[in-house]
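K.L.:
Task: produce atomic coordinates for the following.
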Amino acid sequence: MSRPISPNTTSSHSSFVGQEFSNNLLSDLAPLLTLFGEQVTKQFLSMSMGWADNILLSLGPLGIMTILVSTIRVSGVKRLKTIVGRARESKATAEAELLSSTSHEVCEMWDDQQVVRTFGSPKTLQIVITHEKSGLIARNLKDAYLDGYLVDTRGRKLSSDELEELGEAPNLTLNAPGSTVSNVELWAWVLVGTVAQLSAVVFPGVMQYRWGWRVASYGYPCYLLGTVTLIAGLTLCSRTIEGSTTELNFVPNPERSPNANYHAPTTNPQIRVSRLNKKDYR
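P.N.:
Next up is the predicted model:
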């Protein structure tokens, strides 16, 4: 008489003991990473202004899909925008949400509490005040540049189109003191992120090839190739978004005003920049 075979309730010795726990942990954290990663990624993209920002965004990224979708939204390719459900989205919507730039469609204004981004053309007056022998002279930004009181940090001459854009909506966020960090600090964080990312890449290789963990032979090569491809792709995506804007950085001309300082008041400032805007938006 045959007897029923009782099911084996013990796990196989070849299976990883913590596999069920790790799978549940990742599935539980996925909604949190999606929730917080999207907004953090968009905020980071809206303040990106160089290669250091592009590389830093690709190291240990949270919002991978957000970066890909944002690149498609900024690129303006209609077929790709249709795939991600943004076929009828205007350029101003993507600019206000993802870019650091301002234009005749997107502006930044002060609402008595903070700087907000909104649609439309603002009534913002930029005044450059210079202290000369005849007294205080007020000029707009364009005239101050043409008169030689301000120069571009890259040492080049602005084109006629760029001169006309000086009278458009200014970027208040990037001009606020302390809104951006120095290049030294930024590249230092890139170095920290690179070390952390390399640790995440090297450690699995040590476990497989040095400690002899029993894993599939193709596991680590695929992981390494996928990680490198992901980092390179996200860096290029971030560069595409950041490269769609043009930053102009002006400093006082040392030949016209050697003691100029318009970032903070001094005892005897030679040049000051002020911005006034009318609170008239919805």
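K.L.:
number of nearby residues for the closest residue to R86 other than its chain neighbours?
P.N.:
Once flanking residues are discounted, R86 sits nearest to R73: 5.4 Å by Cβ to Cβ, 6 or more residues apart in numbering. Backbone N, C-alpha and C define where each C-beta goes, glycine included. For R73, the neighbour count with other Cβ atoms under 10 Å is 21.
K.L.:
my read: R73 touches T82, true?
P.N.:
No: between R73 and T82 there is no contact under Cβ atoms under 8 Å: 11.7 Å.
K.L.:
So the residue nearest to R86 lies in a helix, does it not?
P.N.:
Yes: applying DSSP: H, G, I helix; E, B strand; the rest coil, one finds R73 inside a helix.
K.L.:
What separation do you get for it and T66?
P.N.:
For R73, the distance to T66 equals 10 Å [Cβ to Cβ, to the nearest Å].
K.L.:
swap in A232?
P.N.:
From A232 across to T66, the span is 18 Å (Cβ to Cβ).
K.L.:
neighbour count winner among the two?
P.N.:
Between A232 and T66, counting by other Cβ under 10 Å, T66 is the more crowded of the two (20 against 11).
K.L.:
helix or strand for the more buried one, which one?
P.N.:
Per DSSP states H and E, T66 falls inside helix 64-75.
K.L.:
Contacts made by that helix with the rest, please.
P.N.:
37-38, 41-42, 45, 57, 61, 80-81, 83-84, 86, 89, 94, 98-99, 230, 234, 237-238, 240-241, 244 (Cβ atoms under 8 Å, 6 or more residues apart in numbering).
K.L.:
So for it, mean pLDDT?
P.N.:
Per-residue pLDDT over helix 64-75 has a mean of 90.
K.L.:
Same check on stretch 106-119?
P.N.:
Across stretch 106-119, the average pLDDT comes to 81.
K.L.:
Confirm that G155 sits in a helix.
P.N.:
No: applying three-state DSSP, one finds G155 to be coil, outside a helix.
K.L.:
please begin residue numbering at 188 from this point
P.N.:
Renumbered: residue one is now 188, and that last one reads G342.
K.L.:
any idea how far T416 is from it?
P.N.:
38 Å.
K.L.:
who has more neighbours, these two?
P.N.:
Neighbours per residue, other Cβ under 10 Å: of G342 and T416, the larger number sits with T416, 10 against 6.
K.L.:
so which strand or helix has that one?
P.N.:
Going by DSSP H and E, T416 is part of helix 406-429.
K.L.:
just the angle between that helix and helix 251-262, please?
P.N.:
30 degrees (axes from the mean of the first three to the mean of the last three Cα atoms, to 10 degrees).
K.L.:
Heading C-terminal from helix 406-429, find the next helix or strand.
P.N.:
Beyond helix 406-429 on the C-terminal side, the first helix or strand identified by DSSP H and E is strand 437-439.
K.L.:
if we can go back for a sec, can you give me how far the helix holding T253 is from the chain middle?
P.N.:
Relative to the centre of its chain, helix 251-262 is centred 12 Å away, using Cα atoms, centre = their mean, to the nearest Å.
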